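Chemist: My questions concern the predicted model and sequence given below.
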Amino acid sequence: MSGKVRVAIVGSTGYGGAELVRLLLSHPHIEITSVISSSNAGESFTAGYPHLQGLLPVDTLDGVDPQAIKEKADVVFTATPSGVSGKLVPQLLEAGLKVIDLAGDFRLKDRGVYEKWYKHEAPPQAALDQAVFGLSEIYADQVKNAAFVSNPGCFPTATTLGLIPAVEKGVIDHRTIIVDAKTGISGAGRGLKLSSHYSETNENFSAYKVNQHQHIPEIEMVLSERAGENVTMTFTTHLVPMTRGILCTMYASIADDRYLTDEAWIELYRNYYEGRKFVRIREKGKWPATKEVWGSNYCDIGFSVDPRTRRVTIISVIDNLVKGAAGQAVQNMNIMFGWNEDEGLKFAPVYP
């Protein structure tokens, strides 16, 4: 294993952490040297995830100790609950480690905005200032020089990739944006809670956190930065009885008469994302489904223009655990270390 980058995963027993382990096992340039859990230290990782039995170079879970992590790793992924990484990451940075954080603690730069939406104390401002927002397709130039990357949320990834070209090019009236977002149950994490109980979610389709979802300010932050002015939107999330996947249906009024055809939108987006391996734009009359990106790092986008109402419908899909979490984190690591962007991610979606 000599010459490989050593990787530690904090929060490895959650769904996002376990997905990181799965993806990193096939990465040609890294070695997993530590899987970490504050609540299960000393236990076997594969006891909780038997599908990975015999595949890991290490199986015993380590405790959370920044200095001990420093001895074992060069880069650390933190896949912890919100509020935990805010306290841990500054210690890891102080220890001289590169960090990719999958929690939401460092995405928002304004401490007051963070505390309003996340309902607990924000991390130190110095750490917030150091974090680079890791939306890979948009901020790769900043990521490649970063020591600390804050991975975007799952809803923000699907939504912003679907809206950024339109907002940045000014072809929609951003005051009219409405986002109708649906997610699979794995987005709620592995912990037990009533809202993800089988009998509560099976054969059920429900809205939640209406106008209150903590990803709203993250999406608006990115869109505002790309638009050069303040962008707000209506954003509603729904829980769907499936394991993986996010589908965002986005609506906005068209502000440029040149974009009253599907063909114009397809050309705009294909030109904007040219060379970006993980964004796929659909043909006219073809709209993506969550099953078509299942288990992969792809974001698929399709369009439908209604000249009668002068509105566009944009449909964006991702796997919430891959492109919405672990896959994009690996993509960001590749950019940070100067590797090909798709290293360890060269696999097709699982279908059906």
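Modeler: Structure received.
Chemist: secondary structure class for the residue of the chain positioned farthest from its centre?
Modeler: Going by Cα atoms, centre = their mean, the residue of the chain most distant from its centre is residue 308, 34.9 Å out. Secondary structure assignment for residue 308 (DSSP: H, G, I helix; E, B strand; the rest coil): coil.
Chemist: Pull the distance from the longest strand anywhere in the chain to the chain's centre.
Modeler: Using DSSP state E, we find that the single longest strand of the chain is strand 172-183. In terms of Cα atoms, centre = their mean, to the nearest Å, the centre of strand 172-183 is found 18 Å from the chain centre.
Chemist: continuing past it, what's the next helix or strand?
Modeler: helix 198-201 (DSSP states H and E).
Chemist: which secondary structure elements does the following helix or strand past that next one contact?
Modeler: Using DSSP H and E, the helix or strand that follows helix 198-201 towards the C-terminus is strand 206-208. For strand 206-208, the packing partners by 3 or more Cβ pairs under 8 Å, 6 or more residues apart in numbering; DSSP states H and E come out as strand 234-239. Every residue, glycine included, has its C-beta placed from N, CA and C.
Chemist: contacting residues around the next helix or strand after the strand it packs on?
Modeler: The helix or strand immediately downstream of strand 234-239 is strand 246-254, counting by DSSP H and E. Contacts with strand 246-254, where a contact means Cβ atoms under 8 Å, 6 or more residues apart in numbering, come from 154-155, 158-159, 162-163, 166, 171-174, 176-184, 187, 260, 288-290, 305, 310-320, 324.
Chemist: Can you flag the buried ones in these?
Modeler: For the contacts of strand 246-254, a burial check counting by 16 or more other Cβ atoms under 10 Å picks out 154-155, 158-159, 162-163, 166, 171-172, 174, 177, 179-184, 187, 288, 290, 305, 310-320, 324.
Chemist: what ranges do the helices span in this protein?
Modeler: 15-24, 45-48, 66-72, 85-94, 111-118, 125-130, 136-143, 154-169, 198-201, 216-227, 262-272, 327-336 (DSSP state H).
Chemist: Make CSV from the ones you listed and add distance to residue 294 and mean pLDDT to it.
Modeler: Output for those, formatted as CSV (distance: least, Cβ to Cβ, whole Å; pLDDT from 0 to 100):
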stretch, distance to residue 294, mean pLDDT
helix 15-24, 12, 98
helix 45-48, 22, 97
helix 66-72, 32, 96
helix 85-94, 27, 97
helix 111-118, 29, 97
helix 125-130, 34, 96
helix 136-143, 20, 98
helix 154-169, 14, 98
helix 198-201, 18, 94
helix 216-227, 23, 98
helix 262-272, 22, 98
helix 327-336, 12, 98
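Chemist: quick one: contacts for the nearest residue to residue 221 once chain neighbours are set aside?
Modeler: Excluding the flanking residues, the one nearest residue 221 by Cβ to Cβ, 6 or more residues apart in numbering is residue 108, at 6.5 Å. Residues in contact with residue 108 (Cβ under 8 Å, 6+ apart) are 114, 117, 122, 128, 217-218, 221.
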